[in-house]
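> Got a predicted structure here, sequence first:
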Amino acid sequence: MSMSNNKEQQTPESLAERIIGGDRRALARAITLLENGAPQANRIVSLLHQNADLNKARFIGITGPPGAGKSTLSNALVTCLRKRGEKA
């Protein structure tokens, strides 16, 4: 099966299930769908919210204009979390 066919067959439900299971490729795909404004992106977010263990999961948003340091900050946060043995 080609990569494009595989992407076309990924339903919001299957992506959400894979994300919940820790599949980073599924998470990357969902982020791409969100960034591109794909119609199924809202369904994925809804499914993830329904299944989120809010006692374990933490969500943050980083916004700002180009060049403000968003990527630098997020890279530093991820590095710090991983040094502590956590996932990000």
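Looks like it came in fine.
> Hmm, N51 is touching A16, no?
Yes. Counting by C-beta atoms under 8 Å, N51 does reach A16; the two are 7.0 Å apart. For glycine as for every other residue, the C-beta is placed from the backbone atoms N, C-alpha and C.
> Tell me which of those two has more neighbours.
A16 (21 against 12; other C-beta atoms under 10 Å).
> thinking the more buried one is in contact with I44, fair?
Yes. Taking contacts as C-beta under 8 Å, A16 lies within contact range of I44: 5.4 Å.
> which helix is the longest one in this protein?
helix 70-83 (DSSP state H).
> what does that helix contact?
With contact meaning C-beta atoms under 8 Å, 6 or more residues apart in numbering, helix 70-83 is reached by 62-64, 87-88.
> Now for the residue nearest the centre of the chain: which residues touch it?
Centroid-nearest residue in the chain, with C-alpha atoms, centre = their mean: L27, separated by 4.1 Å. Residues in contact with L27 (C-beta under 8 Å, 6+ apart) are I19.
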